[in-house]
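Student: I'd like to go over a predicted model; first the sequence, then the structure.
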Amino acid sequence: SPPGAWLFALVVVVAMAAAHEVVTLLASGGYHPHPGVIYGGTLLVIASNAVPLFWLDTAAESPLARLGWPLVAFTISFLAALVVETHRYDRPGRSMVQVGLATFGVAYVGLLLSFAMQLRVLGGPTEGMIGVVALITVVKFGDTGAYAVGRLIGRHKMAPLVSPGKTLEGAAGALAFGCLGAWLSFTLMPRWTSSSLSQPAWGWIVFGLAVAIAGLLGDLAESLLKRDVGAKDSSNWLLGFGGVLDVVDSILFAAPVAYLCWLLLSMS
């Protein structure tokens with residue numbers, strides 16, 4: 001099987017669960033974009049990543065060219081949202097909001113997760129796997145650092161109206177722990193996989209800082225979504241963790257940043 005086959009199946013499941021939570025959150029806030037557009041668009045965008053992975057020989061293509069498939073699928077989803085709202089139209093003042101929210105749902109889940117899938121094959125089978133591991137490691141180390149440092153010495157609120165529990169001290173902890181996760185990933189993974197990965201000596205610092213910052217913003221973005229609709233968690237599917245979105249919110253934001261960093265560092 002091609003590299004990324006197992007990740008593709010996992011991402012499809014995660015994406016559809018996350019899309020369901022987006023639909024539910026929006027409905028709880030009184031917003032009602034057509035759920036079929038969000039479900040179908042998310043599935044289409046995720047599935048489009050299979051074209052360069054499974055069906056076409058794209059080894060000689062520019063890595064950015066492979067992103068064209070999910071972008072085409074996203075455009076189709078946007079057009080579908082317009083067509084569906086044209087059919088649903090009954091009075092002024094709602095249609096454009098519902099088109100925007102349906103498009104947001106597809107982009108938030110399907111388009112952002114596509115970068116994690118494309119990262120898996122960026123630079124080669126082994127190198128891409130290291131990239132995905134580094135992405136997840138930095139984000140989760142950052143989450144751990146933000147929580148631990150924030151609880152211990154957190155005093156200054158970072159965004160009190162959106163997420164009262166997050167502090168500037170916790171953010172600093174996220175950056176420090178994120179860099180540690182990047183250093184471990186860049187140091188240990190090539191040894192364990194016998195990879196010929198070539199990165200500049202300072203690459204782990206850039207990757208760690210950029211991805212950790214993106215993870216922080218991703219966490220805040222989901223907090224904004226929940227705050228706006230008056231929800232505490234995206235769902236109660238995962239006991240003690242909330243919902244799928246509560247687990248992957250940081251990864252969603254960090255995936256395109258990690259992809260860009262990995263691409264640029266591999267070209268250095």
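Tutor: On my side now, so go ahead.
Student: longest helix of this protein?
Tutor: helix 125-153 (DSSP state H).
Student: Just give me how far the following helix or strand past that helix sits from the chain centre.
Tutor: Using DSSP states H and E, the helix or strand that follows helix 125-153 in sequence is strand 157-159. Centre-to-centre, strand 157-159 and its host chain are 22 Å apart (Cα atoms, centre = their mean, to the nearest Å).
Student: From Leu188, how far off is Lys166?
Tutor: Using Cβ to Cβ, to the nearest Å, Lys166 is found at 30 Å from Leu188. (C-beta placed from N, C-alpha, C; glycine too.)
Student: higher neighbour count, the two?
Tutor: Comparing Lys166 with Leu188 by neighbour count (other Cβ atoms under 10 Å), the higher total belongs to Lys166, at 22 against 13.
Student: The more buried one - that's part of a strand, no?
Tutor: Yes - under DSSP: H, G, I helix; E, B strand; the rest coil, Lys166 sits within a strand.
Student: ok, for it, nearest residue in space, not its chain neighbours?
Tutor: Met158 (4.6 Å; Cβ to Cβ, 6 or more residues apart in numbering).
Student: and the one you found, how many neighbours?
Tutor: Met158: 19 neighbours (other Cβ under 10 Å).
Student: Show me the residue sitting in the middle of this protein in space.
Tutor: Nearest to the geometric centre of the chain sits Leu252, at 1.3 Å (Cα atoms, centre = their mean).
Student: Helix, strand, or coil at that residue?
Tutor: At Leu252 the chain is in helix, as set by three-state DSSP.
Student: Low-confidence ranges, this structure, go.
Tutor: 1-4, 56-61, 193-197, 238-241, 268 (pLDDT under 70).
Student: All the strands of it, residue numbers only.
Tutor: Using DSSP state E, the strands found in the chain span residues 157-159, 163-167.
Student: okay, those strands in JSON lines with distance to Leu10 next?
Tutor: Output for the strands of the chain, formatted as JSON lines (distance: least, Cβ to Cβ, whole Å):
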{"stretch": "strand 157-159", "distance to Leu10": "31"}
{"stretch": "strand 163-167", "distance to Leu10": "28"}
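Student: Report whether the expected contact of Leu67 with Ser114 is present.
Tutor: Yes - counting by Cβ atoms under 8 Å, Ser114 is a contact partner of Leu67 at 7.3 Å.
Student: ok, those two, which is more surrounded?
Tutor: For Leu67 versus Ser114, the count of surrounding residues by other Cβ under 10 Å is larger for Ser114: 27 against 19.
Student: I'm done for today, thanks for sticking with me.
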